[in-house]
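[1] Take this sequence and fold it.
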Amino acid sequence: MGSCIVVEDHPGQRKLLVATLDAEGHDTVGVAGGLEALRAVREAPPDVILLDLGLPDSDGLELIPQLLAVAPLTRIVVITGQDDVPTAVSALRAGARHYLVKPCDREELLLVVAREVRVVHVEQARALHDEGPVFWGTTPRIHRIRMQLSRIADSPHTPVLILGKTGVGKEVVARELHRLSGLPGPFVPVNCAAVPDELLESELFGHEGGAFTGATERKRGLAELADGGTLFLDEIGDMSVALQAKLLRFLHDQRFFRVGGEVEITVRCRVVAATNRDLEIMLQAGDFREDLYYRLAVLTLEIPSLKDRVEDIVPLAYHLLRDIATEIGKDPRQLSHAAEEALARHHWPGNVRELRNRLERALILGSDNTIQPSDLDLYVNPPRSPDRVGNEPDRLRRILEEEAWIVARAARRLGVPRHWLRYRIKKYGLAPRQEPV
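    Below is the predicted model:
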């Protein structure tokens, strides 16, 4: 069970929520407002915060990043009587993990809290062993990215550009960089492709009341909420050229005006941008500003597609299986040899995101103790290219030699079960080299 804080100004509802969670075995504290919540979180960061948005002393949406800045591993579940999509989207963008509408269904509430507690415990275990959740693998490109992240983390205010296909884990890399940098502020993401162009400026820089139709009150933008932390601009290639100019000015001196505002605001945050588009082609077409590109590309990370690191697919699958099983409350399951082969031969157009989705489906719907190709919805096994076939035995031999041919140590380093490694040793006919007499 986990520790929870209920932030609810209505005494009766607060008491009911605390009693419901306590009865399930959670250690729960109830508070009536935002300031009291911040004090409680500073004293003892909880696993989960149930947050009502309509608080008398705080704006619930603005409180979310403040709470996460104090307790970055804590998961926030918003509970509100405002059953509308814009409020839900704003809460999730601010950093909430789930959104429940009053009156809450008891079973749904307990299920959401239990799931979020499990996730926090996984993250706490990773932090304890200093294992970032960024990548699992041993290929040279992954090692190089880890080295680059460690070095870039020492320059916490220099912009970073992350390149890679959809689903490779660009946001995961950005979050890992934020963690390694040790910045006191929150990680604030925004997907530039998901917000209409006419609203994106307001999302980033905020607006004053009356700035445009529907702007009834002042709103702080995501750049302001990211003060002291990281502002992650995903799909930066979808931003309009007009807004690119305003972003360039912000990158230059970390200052901006809210939409309709006359007071200049200064913040201090790292900007990390990401895209799956070819920005150099966009430069030639005039769709992306050259000066912005070179300002963002001071430090660039290119994340390889899953098909370009085929040796990591099965080890990564086992790593993800352990995480997914913990999150959904299932026992971990092994992959059959046929499933391992199917995973290694698939082209993975959706990259790591597709791999995770297929594994989660297999854990939920599969009936056997061992995952089969059919559980993964993988039936077609196109032949692997010769260069990739040749790479795996050479790589396994090198790791085995470095670990003195101790299978248990080599398997631990690869992040795979020993039976998987023994199968590969037999398949490729690997054996220690004979010393010359």
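[2] Confirm L177 sits in a helix?
    Yes - the assignment for L177 by DSSP: H, G, I helix; E, B strand; the rest coil puts it in a helix.
[3] Run a quick neighbour tally on the nearest residue to it once chain neighbours are set aside.
    Spatially, and ignoring its direct neighbours in sequence, L177 is nearest to L149 (5.6 Å; C-beta to C-beta, 6 or more residues apart in numbering). For glycine as for every other residue, the C-beta is placed from the backbone atoms N, C-alpha and C. Other residues within reach of L149, judged by other C-beta atoms under 10 Å, total 21.
[4] Now for L149: which residues touch it?
    Going by C-beta atoms under 8 Å, 6 or more residues apart in numbering, L149 touches V134, V173, E176, L177, L180, L301.
[5] my read: the fourth one touches T230, true?
    Yes - L177 lies in contact with T230 (C-beta atoms under 8 Å); the separation is 7.4 Å.
[6] On the three-state scheme, I49 is what?
    Strictly by three-state DSSP, I49 counts as strand.
[7] roughly how far apart are it and V6?
    8 Å (C-beta to C-beta, to the nearest Å).
[8] so where's the stretch 51-200 of the chain shaky on pLDDT?
    122-139 (pLDDT under 70).
[9] rewinding a little: C-terminal to the helix or strand harbouring the residue nearest to L177, what's the next element?
    Here L149, judged by DSSP states H and E, is contained in helix 140-152. The helix or strand immediately downstream of helix 140-152 is strand 160-163, counting by DSSP H and E.
[10] gap between V112 and L177?
    For V112, the distance to L177 - C-beta to C-beta - is 29 Å.
[11] So which of the two has more stuff around it?
    Ranked by neighbour count (other C-beta under 10 Å), V112 and L177 place L177 first, with 27 against 21.
[12] tell me the contacts of the more buried one?
    Counting by C-beta under 8 Å, 6+ apart, L177 has contacts L149, I152, A153, V160, T230, V272.
[13] for the closest residue to C269 other than its chain neighbours, phi and psi?
    Distance criterion C-beta to C-beta, 6+ apart; nearest residue to C269, sequence neighbours excluded, is A226 at 4.3 Å. Backbone torsions of A226, given as degrees, to the nearest 10, read phi -90, psi 10.
[14] tally of neighbours for A226?
    Neighbour tally, A226, other C-beta under 10 Å: 26.
[15] check contacts around it.
    P65, G185, P186, F187, V188, V267, C269 are the contacts of A226 under C-beta under 8 Å, 6+ apart.
[16] how close does E108 sit to T20?
    Counting by C-beta to C-beta, the gap from E108 to T20 is 12 Å.
[17] do the same with D394
    57 Å.
[18] Which one of the two is surrounded by more residues?
    The residue with more neighbours, out of D394 and T20, is T20; 18 against 12, by other C-beta under 10 Å.
[19] Which residue is the nearest non-sequential neighbour of the more buried one?
    Distance criterion C-beta to C-beta, 6+ apart; nearest residue to T20, sequence neighbours excluded, is R106 at 6.3 Å.
[20] unless I'm mixing things up, the one you found is touching A23, no?
    No - assessed by C-beta under 8 Å, R106 is found out of contact with A23, at 9.9 Å.
[21] in the stretch 201-350 of the chain, which spans are helices?
    Using DSSP state H, counting those that start in this stretch, the helices of the stretch 201-350 of the chain run over residues 222-225, 241-253, 279-285, 290-296, 313-328, 337-345.
[22] Distance from the chain centre to the second one, please.
    Distance, stretch centre to chain centre, for helix 241-253: 26 Å (C-alpha atoms, centre = their mean, to the nearest Å).
[23] Pull out the buried positions in it.
    L243, Q244, K246, L247, F250, L251 (16 or more other C-beta atoms under 10 Å).
[24] For R141, state which of those is nearest.
    Using C-beta to C-beta, L251 comes nearest to R141 of these, at 28.1 Å.
[25] nearest residue to the closest one other than its sequence neighbours?
    Looking at L251 with C-beta to C-beta, 6+ apart, the closest residue is R295, at 5.2 Å.
[26] tell me, how many neighbours does that neighbour end up with?
    Around R295 there are 17 residues (other C-beta under 10 Å).
[27] Could you do the one 10 residues further on as well?
    Summarising burial for S305: neighbours were counted as other C-beta under 10 Å, giving 17.
[28] on that earlier part again, most widely separated two among the contacts of L177?
    The most distant members of those, if one measures by C-beta to C-beta, are L149 and T230, lying 12.9 Å apart.
[29] Look up how far D323 lies from the residue nearest in space to the middle of the chain.
    The residue lying closest to the centre of the chain (C-alpha atoms, centre = their mean) is V172, at 4.2 Å. For V172, the distance to D323 (C-beta to C-beta) stands at 12 Å.
[30] R356 touches I328, doesn't it?
    No - the pair R356 / I328 is not scored as a contact, 11.9 Å apart, by C-beta under 8 Å.
[31] between the two, which one's more packed in?
    R356 (19 against 12).
[32] Just the element for the more buried one, please.
    Using DSSP H and E, R356 maps to helix 351-365.
[33] The helix or strand following that helix pairs with which strands, and in what direction?
    Sequence order places strand 370-371 as the next helix or strand after helix 351-365, per DSSP H and E. Within its sheet, strand 370-371 is paired with strand 334-335 (parallel), according to DSSP bridges.
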